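K.L.:
fold the following, please.
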Amino acid sequence: MVFSPTTRSRVLIATAIVVTSMLSASSHAAEVPLHELIDQRIDASLAKQKLTAAAPASDAEFMRRVYLDLTGTIPDSKTARAFIEDVDVLKRTKLIDQLLASENYGTHMATVFDVMLMERRPDKYVTTPEWRTFLAESFGANKPLNVLVAEILGADGVDEKLRPAAKFYLDRAVAKDLLVRDIGRLFLGVDLQCAQCHDHPEIDDYLHQHYHGLSVFIAGSKTFKQPDGKFVLQEVVMREVEFASVFEPDKTNKTGPRLLDALMEVPEVKEGEEYVEKPSRTVRSVPKFSLRKLLSERLPSKDTPEFARSMANRLWAMLMGRGIVHPLDMHHSDNPPSHPELLNDLAVRLSATKYDVKAFLRELTLSNTYQRSSFIPEELDPESLPEDSFAVANMKGLSPEQLFDSLLVGTHASAVLEQQIDEALEEESAEVAAKAVEKPDADKPAPEEPDAEKIAEARRAKRAARVTEFVTMFGSVPGQPEGEFAASLPQALFLANSETLSGWVPAKLGNLTEQLTGLDDSTTIADELYLSVLSRMPEDDERTLVKEHLEAGKADRPKAVAALVWSLLASAEFRLNH
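P.N.:
Numbers count the residues shown, from 1 in each chain. Sure, this is the predicted structure:
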């Protein structure tokens, strides 16, 4: 969205082309900074298509976009004003570096990868806070992405330090077919679901053996309940699986573990010596050779080029609004990359930098391609402009978490939210106390006074519950990837009637409405209003509208100001990352 003014041999051939081009591209990519290489590839494509690129984004447009993309929220008004007024020619580079070094970067990336990998599934054995803390610490420390994925795919839940990583398996109940599909989609960029019973009926590249070769890695894994009540993974010995097409049920095939066309070797183990711990009802089975461990080592490695391509494509889409291959889990010869050489460059650089996500995102955000405006040049027809041209910045709807946090920042309502949470906790405490008086239990000890840590945890839980309201309304269906932005009437009604949000706008506790109500000059009010909510200065006609509205509502100034705040919060400009 933008603003308006085969044959099976294809697999081997495509793989050969990819490997050759990646090798030939690597020397060039090493010489030229990636952000320049991106622009060279995109500009050459635009010239070939005779398309005009959009103008560079304004400072305000860039600032808001990069804040949302790297930290998950808009900047506050003071920060926005300072950046817009800064005359340093390197200020955009400095802002990118500042945001990548911030704590909010790790927190935001944890949310992005939680939603990507778990797709908002309900908690089962590992809680979302535990999982997101693990991810936030990993991204904050800039843990290499291949190492992080290896930890996730190799986790069994026994090691407490890595137990959160086991959520990927445990909270899918170690369901083989679900895991085969999700590992293929999320890490290799291929959706093999329709290759479960036979070769894919519509995509020649996706074979029956691909599905079952991937299933070998996890077919021997299942849950095990430890004496302490925690569920972990155990594994029985597997070497291969048998499978037959529903169209040829009498023809049995076999495959060992494979990552698409790459068949793995499984070492021979002497019969009777296959296990460190033999399977039993009371002991977790642990084989001497773990196929899940093999998966965790081989999938996120140079031996599996599909991994680098898939991860590079997903990180690109996170910032650019769509993948070079789109949909993201449909890498195949009938759905080629919009810019093949660029995707190869990205995959090579991501791998060459040892999966340094911060360095990769830094280069993407430094590119002119990322920093284009979302306004279409007048000479271009919006209806005929290809979405995958990257001539204009694609708009992205705010995620539920981005929307919640940006509303909070835009309304200056942190103190109001704290009051809402404390009032809810006090109400719950009063209800518990009232029940205790009504039905006293002499044998039950009096409840202890909560300590500071318990109070803080209760507040975090209440805040999370309010974010969940937004996730329920604006997020995807659990178990499904996030879809493209589509505004709806229920969403509009939610924003208009949300008990949480309705408390943030009326003047109170130093929020935006109260601050603006205390100002006399309408121009100053307009500037602070637009900087706070839309992260930009208002146009002259917008200042005039603010002045006229305040004059018309001077009998109840707080109400008039609140209406102005609401009008911007409800705008498409606020709801979209543009």
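
K.L.:
now residue 372: phi and psi?
P.N.:
phi -70, psi 160 (degrees, to the nearest 10).

K.L.:
swap that for residue 141, sorry
P.N.:
Torsion angles, degrees, to the nearest 10, at residue 141: phi -80, psi 0.

K.L.:
which SS state does the closest residue to it other than its chain neighbours fall under?
P.N.:
Spatial nearest neighbour of residue 141, chain neighbours left out: residue 106 (7.9 Å); criterion: CB to CB, 6 or more residues apart in numbering. All C-beta spots, glycine's among them, are computed from the backbone N, C-alpha and C. At residue 106, secondary structure determined by DSSP: H, G, I helix; E, B strand; the rest coil is helix.

K.L.:
report the contact partners of residue 106.
P.N.:
Shown in contact with residue 106 (CB atoms under 8 Å, 6 or more residues apart in numbering): 135, 136, 137, 138, 139, 140, 141.

K.L.:
just checking, residue 347 touches residue 308?
P.N.:
Yes: Residue 347 is within contact range of residue 308, at 4.1 Å (criterion: CB atoms under 8 Å).

K.L.:
now for these two: what residues contact both?
P.N.:
By CB under 8 Å, 6+ apart, no residue touches both residue 347 and residue 308.

K.L.:
make sure residue 517 is actually in contact with residue 563.
P.N.:
No: assessed by CB under 8 Å, residue 517 is found out of contact with residue 563, at 11.8 Å.

K.L.:
could you check the pLDDT of the residue sitting nearest the centre point of the chain?
P.N.:
Note on the chain: the residue nearest the mean C-alpha position is residue 112, at 2.1 Å, using CA atoms, centre = their mean. pLDDT, residue 112: 98.

K.L.:
kindly report the same for residue 124.
P.N.:
97.

K.L.:
show me the contacts for it.
P.N.:
Going by CB under 8 Å, 6+ apart, residue 124 touches 170, 171, 173.

K.L.:
now do the strands in the protein.
P.N.:
221-225, 231-235, 241-243, 253-255, 258-259, 262-263, 275-277, 286-287, 396-397, 576-577 (DSSP state E).

K.L.:
walk me through the domains of the chain.
P.N.:
Using automatic domain parsing, the domain parsing of the chain gives 1-56+305-394, 194-301, 400-438+451-577.

K.L.:
roughly how far is the last one from the heart of the chain?
P.N.:
It stands for domain 400-438+451-577. Distance, stretch centre to chain centre, for domain 400-438+451-577: 23 Å (CA atoms, centre = their mean, to the nearest Å).

K.L.:
so how far is the first residue of that domain from its last?
P.N.:
12 Å (CA to CA, to the nearest Å).

K.L.:
quick one: mean pLDDT for that domain?
P.N.:
94.

K.L.:
repeat for the shortest one
P.N.:
Taken as a whole, domain 194-301 has an average pLDDT of 95.

K.L.:
if we can go back for a sec, model confidence for the residue nearest to the residue nearest to the centre of the chain when sequence neighbours are not counted, exactly?
P.N.:
Of all residues not flanking residue 112 in the chain, residue 318 sits nearest, at 6.4 Å (CB to CB, 6+ apart). Per-residue pLDDT puts residue 318 at 98.

K.L.:
so how far is residue 361 from residue 318?
P.N.:
To residue 361, residue 318 is 8 Å away according to CB to CB, to the nearest Å.

K.L.:
test my guess that residue 312 contacts residue 339.
P.N.:
No: counting by CB under 8 Å, residue 312 stays clear of residue 339, with 11.8 Å between them.

K.L.:
ok, these two, which is more surrounded?
P.N.:
Neighbours were counted for residue 312 and for residue 339 using other CB atoms under 10 Å; residue 312 has more, 28 against 21.

K.L.:
residues contacting the closest residue to that one other than its chain neighbours?
P.N.:
The shortest distance from residue 312 to any non-neighbouring residue, by CB to CB, 6+ apart, is to residue 346 (3.8 Å). By CB under 8 Å, 6+ apart, the contact set of residue 346 is 34, 38, 309, 312, 313, 316, 324, 360.

K.L.:
and residue 346, how far is that from residue 117?
P.N.:
Counting by CB to CB, the gap from residue 346 to residue 117 is 20 Å.

K.L.:
and what of residue 60?
P.N.:
Counting by CB to CB - residue 60 and residue 117 are separated by 33 Å.

K.L.:
returning to what we had before: neighbour count winner among residue 318 and residue 361?
P.N.:
Per other CB under 10 Å, whichever of residue 318 and residue 361 has more neighbours is residue 361, with 23 against 19.

K.L.:
surely the more buried one and residue 314 touch.
P.N.:
No: counting by CB under 8 Å, residue 361 stays clear of residue 314, with 11.7 Å between them.

K.L.:
contacting residues around the spatially closest residue to residue 208 that is not a sequence neighbour?
P.N.:
Among residues not flanking residue 208 along the chain, residue 199 sits closest, at 5.0 Å (CB to CB, 6+ apart). Contacts for residue 199 (CB under 8 Å, 6+ apart) come out as 206, 207, 208, 245.

K.L.:
check residue 54 too.
P.N.:
So residue 54 contacts 372, 373, 374, 375, 376, 377, 391, 392, 393 (CB under 8 Å, 6+ apart).

K.L.:
tell me how far it lies from residue 45.
P.N.:
14 Å.

K.L.:
kindly report the same for residue 463.
P.N.:
45 Å.

K.L.:
residues making contact with the lengthiest helix in the chain?
P.N.:
In the chain, with assignment by DSSP state H, the single longest helix is helix 414-438. By CB under 8 Å, 6+ apart, the surrounding residues in contact with helix 414-438 are 408, 447, 455, 458-459, 462-463, 466, 500, 503-504, 508-511.

K.L.:
mind listing what's buried along that helix?
P.N.:
416, 417, 420, 421, 425 (16 or more other CB atoms under 10 Å).

K.L.:
now these in a markdown table, with distance to residue 192?
P.N.:
Shown next, in a markdown table, are these (distance: CB to CB, whole Å):
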| residue | distance to residue 192 |
| --- | --- |
| 416 | 49 |
| 417 | 44 |
| 420 | 46 |
| 421 | 45 |
| 425 | 47 |
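
K.L.:
for those, which one is nearest residue 530?
P.N.:
Using CB to CB, residue 416 comes nearest to residue 530 of the buried residues of helix 414-438, at 21.0 Å.

K.L.:
distance of the closest one relative to residue 545?
P.N.:
Residue 416 is 26 Å from residue 545, by CB to CB.

K.L.:
next one: residue 469
P.N.:
On the measure of CB to CB, residue 469 and residue 545 end up 32 Å apart.
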